[in-house]
Structure formats: C-alpha cells, structure tokens
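> Take a look and give me a structure for this.
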Amino acid sequence: MKWDWSAVSDFMPHFWDGLLVTLQILVLGSLISFALGLVWALLMRVPTRWVTWPVGAVTEFVRNTPLLVQLFFLFYVLPEWGVTFSALTTGVFAIGLHYSTYTMQVYRAGIEAVPVGQWEAATALNLPLRRTWTAVILPQAVRRVVPALGNYVISMLKDTPLLMAITVLEMLGEARLFSQQNFQFTEPLTVIGFAFIVISYLASLALRALERRLVH
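Down below sits the predicted model:
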C-alpha cells in the first residue's frame, strides 16, 4: 500500500463540504437536544400523571429504540403520511430528539441536586414560580450538568455518520462517495478519522475551559 498525497489533495474540497454539514448537524442537533431535554425535564416535574405518564412513555420509547430506526422512520415512513422534510432537516431533528431523552436525565439530576434551602429561600422571598426557576433553580442546575451535556455533544458528533443512511453527505458520506468514484479508500477515510479525533479533542478542551469558568 502506498500513500497518495494527490488523492488527499483531490479529496479536500469534498472534505470541507462534509465538515460544514457535520458541524451544522452537531450545532443544530445540540441546540434541539438541550432545549427539548429541558422541556422534558420540566414536564416530568408537573404534579399530574396526565402529563408525566405520556412524557415518560415517549422519552423511554425514543431512548430505547436505535437512532438509525428513527432516522428511517422519519425519512421514509412520514412521507407516506404526507409529511416530508429534506434529508438534512430530518437528520438534525432525529438526532436532536434522540439525544434530548438523555439530556433530560442530566437536567433532572441537576435540578434534584439543587439544595432544598434554595427552594425554601425563594419561597421565603415570595418569588413567583417562574422567577424561582429562571433566577434561582435553573442557573444552579445547568452549571452542575455542563460536563455531562458536553459529553453528549461529543457522542452526537460520533453519531453524525448515521445520517449517511438517509443520503446526508456529512464527512463520512463525502469520503465514501469519493472513494467509490475514485477507488481510493485509504486516504479519504484516514483524513475523516483524523478529523473526528481533532474535533472531539477540541470540543473536550472547550468543555474543560467552560467548566473551569463556571466553577470560578
């Protein structure tokens, strides 16, 4: 086997296209998972089974079915019911929805870790419920769970190649297409593997920096 630098050079334009799509998936999917996970966590604290039971059932179902199955269902089954979205939109929503069921548990742990005295202080100050959550509880809860949320971002990055199954050309999709067209597999796949390592490492550094900033 001989390493071909010209193949790397030829692949790079495709790599940048795939990298942009991967980052779009990662950023938008993370935002959806963070926002929706918080919604799930808050709904699970509503003191009525008419809310907690359906939310719990939906999140358990999503968490315990493979992401690939969810991608296929949203992309291939929903159009039969007249609901159609682009492959990228479907992939972003699917990965965000899937990971929201995990971030929900992270938020729940963070909320439950807030000392009881904080709730009592808010009550003693006669703060409205909305003000109690936005000014007292959630800032403390989110600060506690940043490392766990960051770990799920990295996990989400590693799952982005699954979107190739519904024709999304992220990094691995671009590498596969280039390899099949040019019969050169080593160089593009090596570049992609290295890119995932670098992105994951940079994300972990950013996470540590954010964690130190929140602590101090």
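> immediately after the longest helix seen in the chain, which helix or strand?
Secondary structure of the chain read by DSSP state H shows that its longest helix is helix 5-43. Per DSSP states H and E, the first helix or strand lying C-terminal to helix 5-43 is helix 49-63.
> Run through who's touching that following helix.
40, 43-44, 46, 70, 97-98, 100-102, 104 (Cβ atoms under 8 Å, 6 or more residues apart in numbering). Heads up, the C-betas are built off the backbone N, CA and C, glycines and all.
> Need the worst-confidence member of these.
Lowest in pLDDT among the contacts of helix 49-63 is residue 46, which has 86.
> quick one: residue 160 and residue 25 touch, right?
Yes - Residue 160 is in contact with residue 25 according to Cβ atoms under 8 Å; the separation is 5.0 Å.
> so what's the most centrally placed residue in the chain up against?
For the chain, the residue sitting closest to the mean C-alpha position, by Cα atoms, centre = their mean, is residue 30 at 3.8 Å. Shown in contact with residue 30 (Cβ under 8 Å, 6+ apart): 96, 99, 153, 156.
> just curious, which of those is nearest to residue 199?
When those are ranked by distance to residue 199 (Cβ to Cβ), residue 153 comes first, at 10.4 Å.
> now that we're looking at the residue nearest to that closest one when sequence neighbours are not counted, how far away is residue 193 from it?
In this structure, residue 153 finds its nearest non-sequential neighbour in residue 30, 5.2 Å apart by Cβ to Cβ, 6 or more residues apart in numbering. Taking Cβ to Cβ, to the nearest Å as the measure, residue 30 falls 22 Å from residue 193.
> try residue 66
Distance, residue 66 to residue 193, using Cβ to Cβ: 23 Å.
> More neighbours: these two, which one.
For residue 66 and residue 193, the more surrounded residue by other Cβ atoms under 10 Å is residue 193, and the numbers stand at 13 against 10.
> Please report the distance of residue 200 from residue 113.
From residue 200 to residue 113 the distance is 27 Å (Cβ to Cβ).
> got it, and residue 151?
Distance, residue 151 to residue 113, by Cβ to Cβ: 17 Å.
> likewise residue 144?
The separation that residue 144 has from residue 113, given Cβ to Cβ, amounts to 6 Å.
> what about the two, which has more around it?
Neighbour tally, residue 144 and residue 113, criterion other Cβ under 10 Å: the higher count belongs to residue 144, 17 against 11.
> what's the neighbour count on the residue nearest to that one when sequence neighbours are not counted?
Excluding the flanking residues, the one nearest residue 144 by Cβ to Cβ, 6+ apart is residue 110, at 4.6 Å. Residues near residue 110, counting by other Cβ under 10 Å, number 22.
> Equivalent analysis for residue 8, please.
Residues contacting residue 8 under the criterion other Cβ under 10 Å number 16.
> where's the residue lying closest to it once chain neighbours are set aside, which helix or strand?
Ranked by Cβ to Cβ, 6+ apart and with sequence neighbours excluded, the top spatial neighbour of residue 8 is residue 187, at 4.9 Å. Secondary structure from DSSP H and E places residue 187 in helix 186-215.
> what's the angle from that helix to helix 5-43?
Helix 186-215 runs at 40 degrees relative to helix 5-43, counting by axes from the mean of the first three to the mean of the last three Cα atoms, to 10 degrees.
> Could you shift the numbering so residue one becomes 391, and keep it that way?
All set: I'll call the first residue 391, so the last point we hit is now helix 576-605.
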